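J.: here's my sequence, what's the structure:
(chains A and B)
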Amino acid sequence: MQALQELARKLLTDKTANVVIGWGQGPRGPRPIFVTQPEHADRLIFDTRCVHNLATYLNPRRAHLVPFVKKAVVVKPCDARAVAGLIRETQVKREDVVLIGMRCGGVVRDSDMDGKLTEATVSPRCMDCPDREPKLADHLMGEEASAPPKGKGPDMIAKLDAMSPAERWEFWQKELERCVRCHACREVCPMCFCDRCIADKSMPQWIESSPHPRGNLSWQMTRVMHMAGRCVGCGECTRACPVDIPLGLILRKMTQTVEERFGYRVSDDPTVPAPMGAYRLDDKQEFIL
Amino acid sequence: MSAKTLTQADLASLVGDLVAAGTRVVAPSRTGVGPLQHLDYREIKKADEMTLDAGLPKRSIKELFFPPTEVLFRWKQKKNDFELQEVETKFQKTVVIGARPCDAAAPEIVDRLMNWDYKDELWNGRREATTIVALACDGQDKSCFCTAVGLGPDSTKGADVLLVPVKGGYHAEILTAKGEALVKDFGKRFGEAKSADEAGKFRETARAKVEGNLKVDPKPIRTWLDGHFEDKYWGEIALRCHGCGACASVCPTCHCFDIVDEPEGIYEGARRRNWDTCQTGKFTLHGSGHNPRGTQNMRFRQRVTHKFAIYPRKFEEILCTGCGRCARACPGGMDLLEILSDIGQMAGGAA
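T.: Sure, this is the predicted structure:
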């Protein structure tokens, strides 16, 4: 922690960065903070309760953060995958951002928990995360981390796969009927950076804005399809959902499908093109005819 | 105002009686297991579907009166003419059991707006059909601040009956004509009041607990807000805010809506009213492309100002019941208690 604070102080003092975006103590556990003064660098902390994906603050859609220009961001491995995604898709220039990578052995489900990592408290997104340290980083900090605990309970994806289409349909109808279309899932997503989201377009109205089953299904399915080969698995959509829809399940299933079909797993190497952005002669196409 | 006793067993029987009488009963209810567990206000058919001891439901009571989407009318095109089809504005008789006081108070606050110039028939229809049996609570967690907005964990505002937990059941305060009617219709379930002292102690303890979370005076806050629209405090208020509107979705008093026309076939469709929120850029985006609330900082200022200055000026009510859901739901760690405390300090210094 001290090393992190010292680095932040140095970056701000020598003007390498105008802001260091990291975590600080808030009323309900750690939360994102924006340190602009070197003397405030000691407010930075890092532990297993630092659940937020701060790469989302690099998203150019956030007009109120653009004036900082040179930003330093503290990233876990999953957050680094998001930064790589933004660089890959030309939303962020590598030279405009200083990345402070933290070694990570998983985080808890929510920042207001006590931080002890167990089978019961580990965030679902950490269970199959293979990365213990970000490779896309200018500075690497923290102690060597061991793999996060495996979560308890049945693997929901296997359970859903085993269901009949009718049962699965019923499961998702029930979950999605809770959706109130606040679009929190979109707003927190580091990879949702469209200037005008298709859900906000009304001429024509591609997706009905009403939170009824028809509109909710078309919104959530569209979002997942737009995330194919792009979702970094940070789980922010699931955490942000105010009505607790398990959105991560759809995205994890989609990620598995992309891996099966394209042999592609989202990494923090921005030079590897995503399947949607690359043309390969050996892409499977047996479904065309 | 009178008082009665309602035992646990009688409350369970009351649910059965109400359902048998054709009344819709809504209560906090838990469904699902593990991470797919949800605690919400929902219609129940049996007393054992009711979960009164698990705290505040995730979503507020407002959707019982103001659903996330509702049809205002339907239309049918007939050659060069239109036929309009009205929607029903009379609703099934409903009793809400176990509404937390911060939820029970909310519809009464929003009543002012819904009856200000236009009388909203859908809102009023649901309000008239509904009796609210509130349940005094002992504070959810450190984000509760009902006492700071003039309410409390035992507040009676908006409630027709207030239940206060006592040994073996509840001390019931009958507060309104609707409450009296409920007791009259199901008199055999209510016994003589005998635990007023025990209930009093519960209320006192709960109040003391919540009061510790936030001590501010809303009056100077309102004055400060009126005079500091351009204050530098707003300049960086919402750096961490995602503009997602999760706060407004779970808020019992946020009531902004969007109106859309949706086709339901080639020659027919519906006009709907859907929840909206001032926290998104689209909310104030003009057709010209100009946005008077161009940044998230301005949008968050709007949220605070509307709740603690604009609405009070217009309706003499604070548009907040201190339930703390916004702080709990915020994925970015925005905290209204902290903001009110900051403004309270600045207002104190200025007064």
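
J.: look up the closest residue to the residue in the stretch 201-350 of chain B that chain A sits nearest to, ignoring the ones flanking it.
T.: Proximity of the stretch 201-350 of chain B to chain A (CB to the nearest CB) peaks at B:Gly333, 2.6 Å away. Quick note: C-beta positions are derived from backbone N, CA and C, even for glycine. Sequence neighbours aside, A:Arg31 is the residue nearest to B:Gly333 in space, at 2.6 Å (criterion: CB to CB, 6 or more residues apart in numbering or on different chains).

J.: give me the three-state assignment for the one you found.
T.: Secondary structure, DSSP: H, G, I helix; E, B strand; the rest coil: A:Arg31 is strand.

J.: what's the answer for A:Ile100, then?
T.: With three-state DSSP as the criterion, A:Ile100 reads strand.

J.: picking up where we left off before, so the residue of the stretch 201-350 of chain B closest to chain A, which of the three states?
T.: coil.

J.: how many neighbours does it have?
T.: For B:Gly333, the neighbour count with other CB atoms under 10 Å in any protein chain shown is 22.

J.: what's it sitting at in phi/psi?
T.: With angles defined as degrees, to the nearest 10, B:Gly333 sits at phi 80, psi 20.

J.: before we move on, what about the one 3 residues further on?
T.: B:Leu336 adopts backbone torsions of phi -60, psi -30, taken as degrees, to the nearest 10.

J.: next, the contact list for it, please.
T.: Under the criterion of CB atoms under 8 Å, 6 or more residues apart in numbering or on different chains, the neighbours of B:Leu336 are B:145, B:304, B:320, B:324, B:326-327.

J.: can you put those in TSV and add distance to A:Tyr264 and pLDDT?
T.: Formatted as TSV, the contacts of B:Leu336 follow (distance: CB to CB, whole Å; pLDDT from 0 to 100):
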residue	distance to A:Tyr264	pLDDT
B:Phe145	48	97
B:Val304	45	98
B:Cys320	47	98
B:Gly324	43	97
B:Cys326	39	97
B:Ala327	39	97
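
J.: beta partners of the residue nearest to B:Gly333?
T.: Applying DSSP bridges to A:Arg31 yields these beta-bridge partners: A:Gly24.

J.: quick one: low-confidence ranges for the stretch 151-289 of chain A?
T.: Low-confidence segments of the stretch 151-289 of chain A, defined by pLDDT under 70, span residues A:152-154, A:289.

J.: residue numbers of it in contact with chain B?
T.: Residues of the stretch 151-289 of chain A lying near chain B by CB under 8 Å from any CB of the partner chain: A:153, A:175, A:178, A:180-184, A:186-188, A:200, A:205, A:208-212, A:215, A:236, A:239-244, A:246.

J.: ok so B:Asp258 is a strand residue?
T.: Yes - assessed by three-state DSSP, B:Asp258 belongs to a strand.

J.: how about the nearest residue to it, chain neighbours excluded?
T.: B:Asp276 (4.1 Å).

J.: and the gap between that neighbour and B:Arg59?
T.: The gap separating B:Asp276 from B:Arg59 is 16 Å, by CB to CB, to the nearest Å.

J.: next one: B:Thr23
T.: Distance from B:Thr23 to B:Arg59, by CB to CB: 22 Å.

J.: of the two, who's got more company?
T.: B:Arg59 (25 against 18).

J.: give me phi/psi at that one?
T.: The phi/psi pair for B:Arg59 (degrees, to the nearest 10) is phi -100, psi 150.

J.: which one is it nearest to, not counting chain neighbours?
T.: B:Arg59 sits nearest to B:Asp40 (CB to CB, 6+ apart), 5.4 Å away.

J.: correct me, but A:Asp42 touches A:Glu6?
T.: No - with contact defined as CB atoms under 8 Å, A:Asp42 does not count as touching A:Glu6 (9.4 Å).

J.: okay, the two: which has more neighbours?
T.: Set side by side, A:Asp42 and A:Glu6 show more neighbours around A:Asp42, with 16 against 13, by other CB under 10 Å.

J.: leaving out sequence neighbours, find the closest residue to the more buried one.
T.: A:Gln5 (5.2 Å).

J.: now do the buried residues in the host helix or strand of the one you found.
T.: Secondary structure from DSSP states H and E places A:Gln5 in helix A:2-13. Residues A:4-5, A:7-9, A:11-12 are the ones in helix A:2-13 that count as buried (16 or more other CB atoms under 10 Å in any protein chain shown).

J.: what residues does the stretch 51-200 of chain B put near chain A?
T.: Residues of the stretch 51-200 of chain B lying close to chain A by CB under 8 Å from any CB are B:58-59, B:68-69, B:142-143.

J.: from the residues you listed, which land in helices?
T.: Taking DSSP state H, every one of these sits outside helices.

J.: for those residues, give me CSV that also has distance to B:Met114 and pLDDT.
T.: Output for these, formatted as CSV (distance: CB to CB, whole Å; pLDDT from 0 to 100):
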residue, distance to B:Met114, pLDDT
B:Lys58, 24, 91
B:Arg59, 19, 93
B:Pro68, 16, 96
B:Thr69, 17, 96
B:Lys142, 32, 94
B:Ser143, 27, 96
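
J.: just flag the most distant two among those.
T.: The most widely separated members of those, counting by CB to CB, are B:Thr69 and B:Lys142 (33.6 Å).

J.: quick one, which of those two is more surrounded?
T.: Counted by other CB under 10 Å, B:Thr69 and B:Lys142 do not tie: B:Thr69 has more neighbours, with 23 against 18.

J.: show me the beta-bridge partners of that one.
T.: B:Asn274.

J.: okay, and the closest residue to B:Ser60 other than its chain neighbours sits in which element?
T.: Spatial nearest neighbour of B:Ser60, chain neighbours left out: B:Pro252 (3.6 Å); criterion: CB to CB, 6+ apart. B:Pro252 is part of no helix or strand when elements are defined by DSSP H and E.

J.: can you pull the pLDDT of B:Pro252?
T.: Looking at B:Pro252, its pLDDT reads 98.

J.: gap between the two ends of stretch A:199-213?
T.: 15 Å (CA to CA, to the nearest Å).

J.: typo on my end, it should be stretch B:130-142
T.: 31 Å.

J.: still on that earlier bit, which members of the contacts of B:Leu336 are the farthest-apart pair?
T.: Most distant of those, by CB to CB, are B:Val304 and B:Gly324, 15.0 Å apart.

J.: name the residue in the two with the higher neighbour count.
T.: More crowded of B:Val304 and B:Gly324, by other CB under 10 Å: B:Gly324, with 27 against 19.

J.: isn't the more buried one right up against B:Gly139?
T.: No - taking contacts as CB under 8 Å, B:Gly324 lies outside contact range of B:Gly139: 9.6 Å.

J.: ok, back up a step: spell out the secondary structure type for the residue nearest to B:Arg59.
T.: strand.

J.: for beta bridges, what are the partners of it?
T.: B:Ser29.

J.: mind listing the strands for chain B?
T.: Applying DSSP state E to chain B gives strands spanning B:2-7, B:24-31, B:38-44, B:69-78, B:81-86, B:94-99, B:130-135, B:161-166, B:169-174, B:191-192, B:257-263, B:268-275.

J.: export those as JSON lines, with columns for distance to A:Leu54.
T.: Output for these, formatted as JSON lines (distance: least, CB to CB, whole Å):
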{"stretch": "strand B:2-7", "distance to A:Leu54": "50"}
{"stretch": "strand B:24-31", "distance to A:Leu54": "34"}
{"stretch": "strand B:38-44", "distance to A:Leu54": "29"}
{"stretch": "strand B:69-78", "distance to A:Leu54": "34"}
{"stretch": "strand B:81-86", "distance to A:Leu54": "50"}
{"stretch": "strand B:94-99", "distance to A:Leu54": "38"}
{"stretch": "strand B:130-135", "distance to A:Leu54": "40"}
{"stretch": "strand B:161-166", "distance to A:Leu54": "43"}
{"stretch": "strand B:169-174", "distance to A:Leu54": "47"}
{"stretch": "strand B:191-192", "distance to A:Leu54": "57"}
{"stretch": "strand B:257-263", "distance to A:Leu54": "31"}
{"stretch": "strand B:268-275", "distance to A:Leu54": "29"}
